[in-house]
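Asks: Provide a 3D model corresponding to the input given below.
(one chain, ligands or ions: 1)
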Amino acid sequence: MAKRVSVESTAEAYLELLASRGVDYFFGNAGTDFAPLIEAFEKRQTQGQHLPRPLTVPHETVAVAMAHGYTMVTGRPQAVMVHVIVGAANALAGVINAARCQVPMLFTAGRNPLTEAGLPGSRNRQIHWAQESFDQGGMMREWVKWDYELRNFVQLETVVDRALAITQAEPQGPVYLMLPREVLAEHHDVFEYSESSRAPQPAETVAAPDAIRRAAELLAEARHPLIVTKGAGRDPGAVAALVRLAEACGAAVVENSPTYMNFPQDHPLHAGFEVGPHLEAADAIVVVECDAPWFPALQQPRPETRLIQIGVDPLFVRYPIRGFGGDMALAGAPRLTMAALADAVAGSASDQAAVATRRDRWAELHRRQRESWLAAGRKTEADAPLDMKWVSRCVADVLDDRTIVVNEYDLDHTQASFRTPGTYFGSPQSGGLGWGVGSALGVKLAKPDHTVICCVGDGSYMFGAPTAAHFVGRAHDLPVLYVVFNNRAWNAVKRAVQSHAPEGWTARTGHMPLSDLEPAPDYEMVCQASGGYGERVESPAELPAALQRALRAVRDEKRQALLNVVCKKPA
Ligand SMILES: Cc1ncc(C[n+]2csc(CCOP(=O)(O)OP(=O)(O)O)c2C)c(N)n1
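Replies: Next up, the predicted model:
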């Protein structure tokens, strides 16, 4: 149905349209390009129109991560707006993360005024000359599915609906809309638009029945089937389908650097987080939403092992190189693909006795694996400085089904056990650091009745623009608990040097440039500076009680909290 509203500007019409399309939040890091929008926001708020809600986010890293976090738990894309080319530059790593995680997002930036004079919104600041680039979309183009500059009011609805349709079409990912100030500032009286988007939205797809049948035959014949996944749980509905598939095949599931909760970690077919020990034996491997299931330079499946790749884009067409083979690739919604495959395998003439034997064997491995993980954690329980395994175990002890963990780096998977879809989110495969702190805020925004715990390395924490993030936590009432795994180093960098030159100069001198983070800041004070609860934890025995104090702060006092947990420093 057509709707007709009175407006004053294109900017106001744009906000009206975002609200009608279900965009709840507008994460903004403003500049001079925002002037017509800020006016329009204020007019709408004065009139009681509160959506989309503008949130001031004083660093682009946090703004993009918040939108990422919000969408990864709701599935609904939100709007981010940054200041022209310079704001977009600060945001780029976050956009890369969203792209690789297939998270939809309406990423927008102001466009420098085009005209030097003569139009409302023409240039009137020093920066308006130097901030113009020849191709503002160019910097982002490799990482977004679509970019466009809004050229006039007449095309507003088509452009916004097209942007939102493209970002949500699979494989999902950010789109980039540039908004020139003259166009936003144009005066208009009336905006007519269709109440719901008329842009076509592709329906979910699943492989043809014949392909499913052939894949099921291949799996039914296998004697050692294995499943590897990283991101099946992007669609929480896919978790149950993956369980059915694993059970139907008697196949173990290995989570490889999981970005989501993919498979209940207490399920007897969960075989841990390392594919290496199982590669040699496997005669059929199903790779589900996993860009790098193993490292060919270190280990490969046997040449005769059959491979099935499942994903919305099993070719990963936006990756320049990815050589993992596949006897079959089943493109489409993994939830539907795996459900169809599970049905087909269950209905096939597979050897049920062999399936049951495999399940028992995996259950035994699962039991022994968990025992050894528990023992490994316990072994470190008295270590001071704290061992990251013990920190992870203590965090795991406070988890429940209404707690969501965002983990950028250091929570040790072997010490926790996530069972509920949508309760775990791990670092993006693209590894653009600075994602964790902001995305935890986005998760909290989307799930105010859940406890949100953000586990971050001290390095990752600093990449996350923490002053800006804690500002947002206080300004917008988002009490997240941050657990900083403070090892005073970039251990990932140290490990890379050790594997590159195990007997090299750094090993001989015991000194490694460019990898230490000392003197370490008092991270707890960064949170306190924005009214949060902060505590430094140096004793392993004190950690459980410290976690309880911090949880009380976030749950009862509704204050953000940060535990600065002093961990062992890597060599
Ligand atoms: C934007 C960005 N810059 C640099 C890196 C390289 N990098 C990868 S891991 C890492 C260290 C992370 O440190 P921390 O969070 O303290 O975890 P730790 O390695 O100590 O466990 C760095 C610097 C990156 N991935 N992203």
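
Asks: Name all residues that make contact with the closest residue to Ala550 other than its chain neighbours.
Replies: Excluding its sequence neighbours, the residue lying closest to Ala550 (C-beta to C-beta, 6 or more residues apart in numbering) is Ala561, at 4.0 Å. Bear in mind the C-beta positions are built from the backbone N, C-alpha and C, glycine included. By C-beta atoms under 8 Å, 6 or more residues apart in numbering, Ala561 lies in contact with 479-482, 527, 532-535, 550-551, 553-554.

Asks: closest to the ligand among the residues you listed?
Replies: Tyr482 (12.4 Å; C-beta to the nearest ligand atom).

Asks: Just say helix, strand or coil for the closest one.
Replies: strand (DSSP: H, G, I helix; E, B strand; the rest coil).

Asks: picking up where we left off before, now the residue nearest to Ala550: how far from Val62?
Replies: 18 Å (C-beta to C-beta, to the nearest Å).

Asks: Need phi/psi at the residue of the stretch 251-400 of the chain at minimum distance from the ligand.
Replies: Closest contact between the stretch 251-400 of the chain and the ligand, by C-beta to the nearest ligand atom, is at Met388 (7.6 Å). Torsion angles at Met388 (phi, psi; degrees, to the nearest 10) stand at phi -60, psi -30.

Asks: follow-up on the earlier one: is the residue nearest to Ala550 bridged to anything, and to what?
Replies: Leu481, Tyr533 (DSSP bridges).

Asks: just to revisit the earlier point, residue contacts, the residue of the stretch 251-400 of the chain closest to the ligand?
Replies: Asp410, Asp412, Phe485, Asn487, Cys567, Lys568.

Asks: So which of those sit within strands?
Replies: Judged by DSSP state E, the contacts of Met388 include Phe485 as members of strands.

Asks: Which of the contacts of Met388 ranks first by neighbour count?
Replies: With neighbours taken as other C-beta atoms under 10 Å, the top of those is Phe485, carrying 28 neighbours.

Asks: Chain neighbours aside, what residue packs nearest to that one?
Replies: Per C-beta to C-beta, 6+ apart, closest to Phe485 is Asp410, 3.7 Å.

Asks: Write out the residues of the stretch 351-500 of the chain neighbouring the ligand.
Replies: Applying C-beta under 6 Å from any ligand atom, we find that the stretch 351-500 of the chain lies next to the ligand at 409-410, 431-433, 457-460, 463, 487, 489-493.

Asks: Filter those down to just the buried residues.
Replies: 409-410, 431-433, 457-460, 463, 487, 489-492 (16 or more other C-beta atoms under 10 Å).

Asks: What is the most widely separated pair among the residues you listed?
Replies: Gly432 and Asn487 (20.6 Å; C-beta to C-beta).

Asks: so the residue sitting furthest away from the middle of the chain is in which element?
Replies: Seen from the C-alpha centroid of the chain, the residue lying at the greatest distance (C-alpha atoms, centre = their mean) is Gly118, 44.1 Å away. Take DSSP states H and E as the rule and Gly118 turns out to sit in neither a helix nor a strand.

Asks: I'd guess Asp401 is in a helix, am I close?
Replies: No. Remark: Asp401 does not belong to a helix; assigned using three-state DSSP, it is coil.

Asks: By neighbour count, which of the contacts of Ala561 wins?
Replies: Tyr482 (32 neighbours).

Asks: how close does it get to Ala207?
Replies: Distance from Tyr482 to Ala207, counting by C-beta to C-beta: 42 Å.

Asks: Check Asn152 too.
Replies: To Ala207, Asn152 is 42 Å away according to C-beta to C-beta.

Asks: export the contacts of Ala561 to TSV and tack on pLDDT and distance to Gly28?
Replies: Output for the contacts of Ala561, formatted as TSV (pLDDT from 0 to 100; distance: C-beta to C-beta, whole Å):
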residue	pLDDT	distance to Gly28
Pro479	98	22
Val480	99	20
Leu481	99	26
Tyr482	99	23
Cys527	98	23
Gly532	98	23
Tyr533	98	28
Gly534	98	28
Glu535	98	32
Ala550	98	30
Leu551	98	31
Ala553	98	28
Val554	98	25
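
Asks: Mind listing residues that contact stretch 147-155?
Replies: 10, 13, 111, 136-137, 140-141, 156, 159, 162-163, 175-180, 183-184, 186, 188.

Asks: ok so, going back, which ones among the residues of the stretch 351-500 of the chain next to the ligand map onto strands?
Replies: Per DSSP E, the subset of those in strands is Gly457.

Asks: Tell me which two of the residues of the stretch 351-500 of the chain next to the ligand sit farthest apart.
Replies: Gly432 and Asn487, at 20.6 Å, using C-beta to C-beta across these.

Asks: Give me every residue in this structure lying close to the ligand.
Replies: Residues of the chain lying near the ligand (C-beta under 6 Å from any ligand atom): 93, 409-410, 431-433, 457-460, 463, 487, 489-493.

Asks: Would you map the strands across the stretch 301-450 of the chain?
Replies: 306-311, 328-331, 403-408, 424-426 (DSSP state E, counting those that start in this stretch).

Asks: likewise the stretch 151-300 of the chain?
Replies: Using DSSP E, counting those that start in this stretch, the strands of the stretch 151-300 of the chain run over residues 174-180, 190-194, 225-229, 252-255, 284-288.

Asks: and the closest residue to the ligand within the stretch 401-550 of the chain, bridged to which residues?
Replies: Residue nearest to the ligand within the stretch 401-550 of the chain: Gly457 (2.1 Å; C-beta to the nearest ligand atom). Counting by DSSP bridges, Gly457 is bridged to Phe485.

Asks: That one: what's it in contact with?
Replies: Glu408, Tyr409, Asp410, Val484, Phe485, Asn487, Trp490, Asn491.
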